[in-house]
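Trainee: Provide a 3D model corresponding to the input given below.
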Amino acid sequence: MPTRYVIVGNGPAGATAAQAIRERDATGDIHVIGAERHPFYSRPGLAYYLTGQVPEGALFSRPDKEYKRAGIKKTTATVRAVRPHVVDLSDGRSLPYDRLLLSVGAKAVRPDLPGIDLVGVVTLDNLDDARHIVKLARKAARAVVVGGGITAVELAEGLAANNVRVQYLLRGERYWSSVLADHESQLVEARLQADGISIRRNVELARVIGDRRNRVVGVETKDGQLIACDMVAVAVGTQPRLELAQGAGVETGRGIFADEFLRTSQPDIYVAGDAAEVLDPTTGRRGIDSLWSVANAQGRIAGANMAGDSRSFAPRPAPFNVTKIGGITTTVIGAIGAGGRDGDLVTLARGDSNAWREQLEGFAIQDDVDADHLRLILSDKRILGAVVMGDQSLTRPLLHLIRSQVDIGAVYERFAAGGRAEIVAAVALLLGTPDAL
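Mentor: Numbering: from 1, shown residues only. Below is the predicted model:
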């Protein structure tokens, strides 16, 4: 009989796993279960959908007919429970499996506050959330945004682009203080304010106020301020979806525990993506990585192993992410940040986000021209991390130097001089291509 594969989740990890299985098993019975009725789409693209820069149709990159051509079955349903070698669906069906992948992802956290479930309080997890936000924004005049990282800014920009007056509440003195330096925060804040977004500092939400129809009419802060609004957008962190794994007796922590082969504690159950808390065999530590590219990589390896391979997943030696914050292309590589409480720091971090929060011993240098900004964290022999905002010409060379742990001792003084020209020259010498930059 053909091997029966069931994949829970049609995100990047699940879709890539299905493809990897089919490449190795031409006759296996592959079943992908997705809770959303949509074909596979780009979650990072939702920010551009909110601002109107990308039409909805452009988000869909893998139509369901590709599954059909590959002989992969797709079902729209939620999974009610996982039993030994059986998955129970919400529509009453049960699917048997020989190998199961939990690519269940993570969900936005809603703080435990009065009024948090009122109509008009929104989070951004998926396409249906984005559609709902756009629909509400058409009738809303004012909104409050709460949160400290990338998603909060995406929500603020999206609402502003839909002609909603936005007040962005920061619980600290500046934006994303645990990752960005003062000047970097200022660059982002200036762009937000130029888009008409008002920033309030050192403010925390106490409750959401509703009317008799249970619709948002305002918020109250912990210091007693009352702010009138029609919407409240919340982005205070994410939580891996653990319910199915825990119900199946799979070991969990902050995420679903997996070994280096992405196998869980239960035979024949694997995990990949935002919910996977993976063991790094080189350090003995477990970590969660919520980057889209990592979910793809984990899905590919999990799928291959489900089909009989023995490939290990090795986290990259330095985290890497590129995004737009306040309209500024921003790349963060390696060890950046020195403390703070921003809840969705994990959106940039590989593994345990403590690696980003601990105070680093190093030498910080920076060079700024308008929105272009470069910051490096150096030890005496290595580049530990980098923030590149605006001009991205140094991104790939710096990524190579950081991930390869190249000894910079011979050109350390050029880096320490701090000017962009000296840094460019130092990087070119290290790469052996002094004319390449």
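
Trainee: list the contacts for residue 331?
Mentor: Going by Cβ atoms under 8 Å, 6 or more residues apart in numbering, residue 331 touches 320-322, 386-389, 392, 395. All C-beta atoms are positioned from the backbone trio N, CA, C, and that covers glycine.

Trainee: Find the pair from those residues with maximum spatial separation.
Mentor: Greatest spatial distance in the contacts of residue 331: 320 and 389, 14.8 Å, computed using Cβ to Cβ.

Trainee: So between the two, which is more surrounded?
Mentor: residue 389 (23 against 20; other Cβ atoms under 10 Å).

Trainee: How many residues are close by the residue nearest to that one when sequence neighbours are not counted?
Mentor: Residue nearest to residue 389 in three dimensions, not counting chain neighbours: residue 373, with 4.0 Å by Cβ to Cβ, 6 or more residues apart in numbering. Residue 373: 22 surrounding residues under other Cβ under 10 Å.

Trainee: which SS class is residue 373?
Mentor: strand (DSSP: H, G, I helix; E, B strand; the rest coil).

Trainee: beta partners for it?
Mentor: Beta-bridge pairing of residue 373 under DSSP bridges involves residue 368, residue 389.

Trainee: I'd like to know how far it sits from residue 223.
Mentor: 33 Å (Cβ to Cβ, to the nearest Å).

Trainee: Next: residue 58.
Mentor: Distance from residue 58 to residue 223, by Cβ to Cβ: 43 Å.

Trainee: Please say which of those two ends up with more neighbours.
Mentor: The neighbour count for residue 58 versus residue 223, taken as other Cβ under 10 Å, is higher for residue 58 (13 against 9).

Trainee: Surely residue 213 is in a helix?
Mentor: No. Going by three-state DSSP, the assignment for residue 213 is coil, not a helix.

Trainee: Surely it is in contact with residue 118?
Mentor: No. Residue 213 lies out of contact with residue 118 (Cβ atoms under 8 Å); the separation is 9.5 Å.

Trainee: Have a look at the two and say which one is more surrounded.
Mentor: Ranked by neighbour count (other Cβ under 10 Å), residue 213 and residue 118 place residue 118 first, with 18 against 8.

Trainee: if I pick that one, what's in contact with it?
Mentor: So residue 118 contacts 208, 210, 214-216, 232 (Cβ under 8 Å, 6+ apart).

Trainee: Could you list the low-confidence segments of the stretch 301-437 of the chain?
Mentor: The stretch 301-437 of the chain contains residues with pLDDT under 70 at 337-370, 433-437.

Trainee: If you count residues, where's the longest helix of this protein?
Mentor: helix 292-306 (DSSP state H).

Trainee: Packing partners of that one?
Mentor: helix 12-24, strand 99-102, strand 269-271 (3 or more Cβ pairs under 8 Å, 6 or more residues apart in numbering; DSSP states H and E).

Trainee: Tell me which residues are up against the helix or strand just after the shortest one.
Mentor: Of the helices and strands lying after strand 269-271 in sequence (DSSP states H and E), the nearest is strand 276-280. Strand 276-280 is touched from outside by 13, 240, 252-260, 262, 285-289, 298, 313-315, 351, with contacts defined as Cβ under 8 Å, 6+ apart.

Trainee: Looking at the contacts of residue 331, state which has the most neighbours.
Mentor: residue 386 (25 neighbours).

Trainee: Quickly find the element holding that residue.
Mentor: Counting by DSSP H and E, residue 386 is found in strand 383-389.

Trainee: Show residues contacting that strand.
Mentor: Under Cβ under 8 Å, 6+ apart, the answer for strand 383-389 is 179-181, 184, 187, 318, 328-336, 360, 362, 371-378, 394-395, 398, 401-402, 406, 408, 415.

Trainee: Report the buried members of the residues you listed.
Mentor: Buried positions within these, assessed by neighbour count (16 or more other Cβ atoms under 10 Å), are 179-181, 184, 187, 318, 328-336, 360, 362, 371-378, 394-395, 398, 401-402, 408, 415.

Trainee: Let's see which of these end up in helices.
Mentor: 184, 187, 395, 398, 401-402, 415.

Trainee: out of those residues, what pair is the most spread apart?
Mentor: Farthest apart among these - using Cβ to Cβ - are 187 and 401, which lie 24.0 Å from each other.

Trainee: In the stretch 151-300 of the chain, what residue spans correspond to strands?
Mentor: 165-169, 198-200, 205-210, 216-221, 226-228, 231-235, 238-240, 256-258, 269-271, 276-280, 285-287 (DSSP state E, counting those that start in this stretch).

Trainee: buried subset of the contacts of strand 276-280?
Mentor: For the contacts of strand 276-280, buried by 16+ other Cβ under 10 Å: 13, 240, 252, 254-258, 260, 262, 286-289, 298, 313, 315, 351.

Trainee: I figured residue 198 was touching residue 169, is that so?
Mentor: No. Contact criterion Cβ under 8 Å: residue 198 and residue 169 do not qualify, at 9.8 Å.
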